[in-house]
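Participant: Just need the structure, nothing else, for what follows:
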Amino acid sequence: MSKKPNPELIDDENPEWTAADFTEARPANEVLPQIFGAKVAHEMLKPRGRPRAEHPKERINIRLSHEVVEYFKSEGDGWQTRIDSALRQFITEHQGR
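Facilitator: Sure thing, here's the model as predicted:
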């Protein structure tokens, strides 16, 4: 394989970073407020995606009978959520016994 750079991939406006470039680099939360102002930088740095739940669901392994799994899967996607809902309903109906 040739060690020569492919001239079609060379981009003069975005050269490959050197060790010195990495040494001088600063995190976006330090640089963006200076460039765009605090308010715009805050919006740009906001985390994306769904907010973290206070009590996230736990990933566990559970063994269920074939009939239970088939029943919930037969109703389509979301079958694990429906099992969770059925178990919550069971808890509500059987509290205080």
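
Participant: low-scoring stretches of this protein, by residue?
Facilitator: The chain contains residues with pLDDT under 70 at 1-3, 5.

Participant: Please enumerate the helices of it.
Facilitator: Assigned helices in the chain, in chain order: 19-24, 28-36, 38-44, 66-73, 79-94 (criterion: DSSP state H).

Participant: got those helices as CSV, with distance to residue 7 and mean neighbour count columns?
Facilitator: Using the backbone N, CA and C atoms, a C-beta is placed for each residue, glycine as well. Written out in CSV, the entries for the helices of the chain read as follows (distance: least, Cβ to Cβ, whole Å; neighbours: other Cβ atoms under 10 Å):
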stretch, distance to residue 7, mean neighbour count
helix 19-24, 22, 8
helix 28-36, 32, 12
helix 38-44, 35, 12
helix 66-73, 55, 12
helix 79-94, 53, 11
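
Participant: quick one, which residue of this protein lies the farthest from its center?
Facilitator: If you look at how far each residue of the chain sits from its centre, by Cα atoms, centre = their mean, the farthest one is residue 97, at 40.3 Å.

Participant: How is the protein divided into domains?
Facilitator: Following automatic domain parsing, one gets these domains for the chain: 16-47, 58-97.

Participant: just how off-centre is the longest one within its chain?
Facilitator: Going back to what we said before, that points to domain 58-97. Per Cα atoms, centre = their mean, to the nearest Å, the displacement of domain 58-97 from the mean C-alpha position of its chain is 25 Å.

Participant: Kindly check the end-to-end length of that domain for me.
Facilitator: 26 Å (Cα to Cα, to the nearest Å).

Participant: That'll do, ta.
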